[in-house]
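> below are the sequence and a predicted model; questions follow.
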Amino acid sequence: MDIVIVTTVIASLFLIIGVAEPLAARLRLPYTVILAILGILIAVGAIFFLRTELTDALNPVAEAILGLPIRSNVFLYVFLPTLLFQATLGMNLRRMLDDWVPILVLAIVAVVVATLSVGYALSWASALPLAACLLIGAIVSTTDPSAVVTIFRSISAPRRLSRIIEGESLLNDAAAIALFGLFMGFVMLGIPDPDLGQALTRFPLLIGGGAFTGWLAARVAVWLMSSFGRYELAQISISVALPYLAYIGAEQSIGASGVIAVVAAGLTLNLTGPGRLPPQAWANLREIWDVLAHWAGALIFILAALLIPRLLEEVRIADFALVGVVILAAIAARVAVLFGLLPLLTLLRVSPVVERPYRVAILWGGLRGAVTLALALAVTESFRVPDGIQRVVGILATGFTLFTLIVQGTTLRWVIGRLGLDRLSSIDEALSRQVVAVALQTVREDVARTTENYDLSHDIVRSEAKTFGKRLEQAVHTAEDSADILDRDRVTLGLIALAGHERDTILARVRERTISARMADQILSDADRLIEGARSGGRTGYQRAARRGVAYGLGFRAAVLLHARLRISNPLVRMTADRFEALLSQRLVLRDLGSFIDGRIRRIHGRRLADLLQELLGRRIEGVTTALEGLRLQYPGYAEELERRFIRRTALRLEEREYTTMREDGLIGAEVYTKLMEDLAARRAAAEERPPLDIALQRTELMRQLPLFQDMDDAALKRLGRAFQTRYVNAGDMIIRKDAVAKSVFFIASGAVDLEAAGQTWRLGRGEMFGQLAVLMKKARRAEVRAIAPCTLLVLDEARFRRLLDRSTALQEAVRTSAEKRGIEPQGFLPKGVEHR
């Protein structure tokens, strides 16, 4: 085949890719549907010109198109790893982990349900063996969510819903391809009725082996990429090799799922890459992968569509009935998952509430595409699969794909319109009016500065300012006095705006490098939770998300347990250092938000709402300060090192700005500028290194700062420090329950608690203790203690507490005072003479 013709055909495919996106927007159809239709038209046109007697001039082009080396391995080994890897890189992994239960359940259960539903329906309606029917079920169970996700984003659907759909689809493909491999083996071995139990027992081995291979490959790749810190192109080249090596290694070396390996590699790089690579290198790497995935996704649809006429060459009338069976069975399986399993997960509080219209849209938007056709092509190419099964698999998979693309794809936007999902809710309408008002306020300020800089005519400036002022006044009035918005919704709008500005501030700080790339994803995820919490739950949802941002998570508590029980310290070192840096970054950002409230929010929503937001912001700053103070007490000096690091990074940013300004003004040449920037890059690399953290709790220093232990010498403090246990609790956690057995006494190193007993409540803070009276009186607890802020507690058992009480005058006085506050006589449980003071 002439290389010129082949090159022309390939270049023309890229031209089609470029035209398809604006064409899809013009026709208001999903992009993938347009690509599929264009691919089918190209294939039909090529067949027509090759067989017609009208002209032979286009025969070489038609032969080149139909002779393209389109094999299933091209899809599975070239295009599929690219698509899967980019999808994992583009995920907000921390936010995905919030919904891992519904994502995993919907992905795996949905694939199994669809495979069984289609498989047994076909087995009942045809003479095909069960193994072949289940193979077809696995092939058609893959979904392409791009169309419905794109539309959901355009209609402001809940972000959490879009994340669940994207995550489900990614793992859906992986699970479906793994099942496809299982049933393909049964068909090639000629086993008509496979043992499903035995088949499913191999499933975890495929998943686990692939996950381990992908994780290991990614860890090696990240190590190599971090070693080549100054060579950005080398880092990108290694990232391009990673998914293919992981896929081939899993498939060919250990017989595991290559798809799972690629997903695991992408997730590992997504999680570890931002902290190991320079920020700009990571951003450029993701941009390169976005382009590669765009091309791969478009090519896989066009090339797969070119196969459709070939796969349908031997279609028979009876095959249409079987296609109908596949369609009905697949839709029934999807209905069972969306209207049966999803509401059940919502009742169990592991999945967000998905309104019925959204579930209908997800049902109708479950398009099939290139992956389905690629798997069907793999069956038709296998000489070990009987010819009759090859023909039926190709026709049924192709027919079902055409139905989803042509019928569902072309009517999806109409269905969404009929469901009313394309209309903004009242709060979204109000939010849009607020955005207009805030934007015009900023525009007026910027235009005023511009007119001053350019010394424009005062009459023209006055005339334009008057016209713009009327528009701004009308926008502010509309945003402020919407009659259909309740006060509760006004608070929600203010919180959404505040959280959105917080996110913008974080991004600006990351670009300035005053917040490290290592922490950017975590802090941005916290900001996203604030936005979603405010949208879904108003003030309560916002406050819940804010408390979560400073709380000790399950991972931190597990790390504490590993350190305490097994002396494995590395996880706790890393997570404590991350917590230090995250809290410092949060405090930095929160202190910038007050001016936004006093400026934008107050002018648009009025003083009342601005004061409320200032109060909520003050509580957040107080919570972050309390949590940070607890860490400062435990690890003296570390916070100061992080603050020094922040100052150094700020100074480097300002220095870089000065050099750039001098270069742009022509004060220094290119050679001098390059040398200065190389020196700056070396110093910046040193400043990016986080100082080491000594995880050994410095309890001696911690206790020395508490008034109860100030009368003890260093030797006694060290002995006592070894006796204490450290416990971390979050705001709202119950520390002591009523009627519980009294075995320990608690000292508050940081934070605050509420102690409730006999209908009264006492608030205790740093340096105070609780639980001592029940221990000394040898009675069950009569009080309940709940944390009102993240707390660090030092816990002492009963025997050691009694020995300490005998020696410490300050502790005896504190016990006597606390007993008198609660109306309890200290006689009988204090050392002799103390109770009468």
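Here it is on my side, so go on.

> now the element after the helix or strand of the chain with the lowest mean pLDDT, going C-ward?
One helix or strand of the chain scores below all others by mean pLDDT, DSSP states H and E: helix 146-154, with a mean of 61. As assigned by DSSP states H and E, the chain's next helix or strand after helix 146-154 is helix 159-189.

> report the distance from that next one to the chain centre.
A distance of 20 Å separates the centroid of the chain from that of helix 159-189, by CA atoms, centre = their mean, to the nearest Å.

> next, the angle from whichever helix or strand comes after that helix to helix 159-189.
Scanning forward in sequence from helix 159-189 by DSSP H and E, the next helix or strand is helix 196-227. For helix 196-227 against helix 159-189, the angle by axes from the mean of the first three to the mean of the last three CA atoms, to 10 degrees is 120 degrees.

> what residues of the helix or strand just after helix 196-227 count as buried?
Per DSSP H and E, the first helix or strand lying C-terminal to helix 196-227 is helix 232-248. Buried residues in helix 232-248, counting neighbours by 16 or more other CB atoms under 10 Å, are found at 232, 235-236, 238-239, 242-247. Quick note: C-beta positions are derived from backbone N, CA and C, even for glycine.

> need the max-distance pair from those residues.
Pairwise distances among those were taken by CB to CB; the largest, 24.5 Å, belongs to 232 and 247.

> residues in contact with stretch 780-789?
The contact list for stretch 780-789 (CB atoms under 8 Å, 6 or more residues apart in numbering) reads 623, 626-627, 729-742, 746, 751-758, 763, 770-771, 774.

> can you select the buried ones from those residues in ChimeraX?
To isolate the buried ones among those in ChimeraX, judged by 16+ other CB under 10 Å, type:
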select :623,626,627,729,730,731,733,735,736,742,746,751,752,753,755,757,770,771,774
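
> for the stretch 51-200 of the chain, which spans come out with low pLDDT?
Low-confidence segments of the stretch 51-200 of the chain, defined by pLDDT under 70: 54-58, 68-70, 94-95, 97-98, 144-161, 191-200.

> the chain: strands as residue ranges?
For the chain, strands defined by DSSP state E occupy the ranges 725-729, 734-736, 744-750, 753-757, 760-764, 769-770, 784-787, 791-797.

> right, so of those, which gets closest to residue 298?
strand 725-729 (50.1 Å).

> could you export that closest one as CSV, CA atoms only?
C-alpha atoms of strand 725-729 as CSV (Å, rounded to 0.1, in the frame of the first residue of the first chain):
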residue,chain,number,x,y,z
GLN,A,725,-1.0,7.4,76.4
THR,A,726,-2.0,9.9,73.6
ARG,A,727,-5.5,9.9,72.2
TYR,A,728,-6.9,12.0,69.4
VAL,A,729,-10.6,12.9,69.1
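
> quick one: that strand to strand 753-757, angle?
90 degrees.

> strand 725-729: how far from the chain's middle?
29 Å.

> neighbouring contacts of it?
With CB under 8 Å, 6+ apart as the test, strand 725-729 has contacts from 552, 556-557, 560, 564, 634, 697, 699, 735, 746, 749, 751, 787, 790-796.

> which positions in it come out as buried?
726-729.

> which of the residues you listed sits closest to residue 163?
residue 728 (29.1 Å).

> state the distance from the closest one to residue 293.
Residue 728 sits at a distance of 41 Å from residue 293 (criterion: CB to CB, to the nearest Å).

> what about residue 326, how many residues close to it?
24 (other CB atoms under 10 Å).

> tell me how many other residues crowd the residue nearest to it when sequence neighbours are not counted.
In this structure, residue 326 finds its nearest non-sequential neighbour in residue 400, 4.9 Å apart by CB to CB, 6 or more residues apart in numbering. Residue 400: 25 surrounding residues under other CB under 10 Å.

> low pLDDT regions in the stretch 701-837 of the chain?
701-702, 705, 826-837.

> one more time with 90
701-744, 747-783, 786-837 (pLDDT under 90).

> quick one, helices of it?
714-723, 772-777, 798-807, 809-821 (DSSP state H, counting those that start in this stretch).

> check which helices and strands the third one is in contact with.
Right, the one you point to is helix 798-807. helix 714-723, strand 744-750, helix 772-777, helix 809-821 (3 or more CB pairs under 8 Å, 6 or more residues apart in numbering; DSSP states H and E).

> okay, now the nearest residue to residue 249 once chain neighbours are set aside: neighbour count?
Nearest non-adjacent residue to residue 249, counting by CB to CB, 6+ apart: residue 213, 5.4 Å away. Burial of residue 213 is recorded as 27 neighbouring residues (other CB under 10 Å).

> for the stretch 1-150 of the chain, which segments count as helices?
With DSSP H, counting those that start in this stretch as the criterion, the stretch 1-150 of the chain has helices spanning 3-27, 31-51, 59-66, 72-74, 80-89, 93-98, 100-104, 110-125, 130-140, 146-154.

> for the first one, give me every contacting residue.
Under the criterion CB under 8 Å, 6+ apart, residues 30-31, 33-35, 38, 42, 60-61, 64-65, 68, 294-295, 298-299, 302 lie in contact with helix 3-27.

> likewise for the shortest one?
Counting by CB under 8 Å, 6+ apart, helix 72-74 makes contact with 303, 374-375, 377-378, 381, all of which sit outside it.

> which one of the residues you listed sits closest to residue 805?
residue 375 (73.1 Å).

> that closest one contacts residue 398, doesn't it?
No - applying CB atoms under 8 Å, one finds residue 375 not in contact with residue 398, separated by 11.3 Å.

> thinking again about what came up before, save the helices of the stretch 701-837 of the chain as CSV, and put in distance to residue 310 too.
Output for those, formatted as CSV (distance: least, CB to CB, whole Å):
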stretch, distance to residue 310
helix 714-723, 77
helix 772-777, 81
helix 798-807, 81
helix 809-821, 85
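
> return the most buried member of those helices.
With neighbours taken as mean count of other CB atoms under 10 Å, the helices of the stretch 701-837 of the chain reach their highest mean count in helix 772-777, at a mean of 21.

> for that helix, which helices and strands make contact with it?
strand 744-750, helix 798-807, helix 809-821.

> 6 Å - rerun?
Packing partners of helix 772-777 (3 or more CB pairs under 6 Å, 6 or more residues apart in numbering; DSSP states H and E): none among the helices and strands.

> start to end distance for stretch 692-709?
Stretch 692-709 has an end-to-end distance of 29 Å (CA to CA, to the nearest Å).

> CA atoms only: put stretch 110-130 into PDB for me.
What follows is stretch 110-130, C-alpha atoms only, in PDB (Å, rounded to 0.1, in the frame of the first residue of the first chain):
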ATOM      1  CA  ALA A 110     -23.800  -3.500  37.400                       C
ATOM      2  CA  VAL A 111     -21.400  -5.500  35.200                       C
ATOM      3  CA  VAL A 112     -22.300  -8.800  36.800                       C
ATOM      4  CA  VAL A 113     -26.000  -8.000  36.700                       C
ATOM      5  CA  ALA A 114     -25.800  -6.900  33.000                       C
ATOM      6  CA  THR A 115     -23.700 -10.000  32.100                       C
ATOM      7  CA  LEU A 116     -26.100 -12.400  33.700                       C
ATOM      8  CA  SER A 117     -29.200 -10.700  32.500                       C
ATOM      9  CA  VAL A 118     -28.200 -10.600  28.900                       C
ATOM     10  CA  GLY A 119     -26.500 -14.000  29.000                       C
ATOM     11  CA  TYR A 120     -29.500 -15.900  30.400                       C
ATOM     12  CA  ALA A 121     -32.000 -13.900  28.300                       C
ATOM     13  CA  LEU A 122     -30.100 -14.900  25.100                       C
ATOM     14  CA  SER A 123     -29.700 -18.500  26.300                       C
ATOM     15  CA  TRP A 124     -33.500 -18.700  26.700                       C
ATOM     16  CA  ALA A 125     -34.200 -17.000  23.300                       C
ATOM     17  CA  SER A 126     -31.500 -18.700  21.200                       C
ATOM     18  CA  ALA A 127     -29.700 -22.000  20.600                       C
ATOM     19  CA  LEU A 128     -26.400 -20.500  21.600                       C
ATOM     20  CA  PRO A 129     -24.400 -22.200  24.400                       C
ATOM     21  CA  LEU A 130     -24.600 -20.400  27.800                       C
END
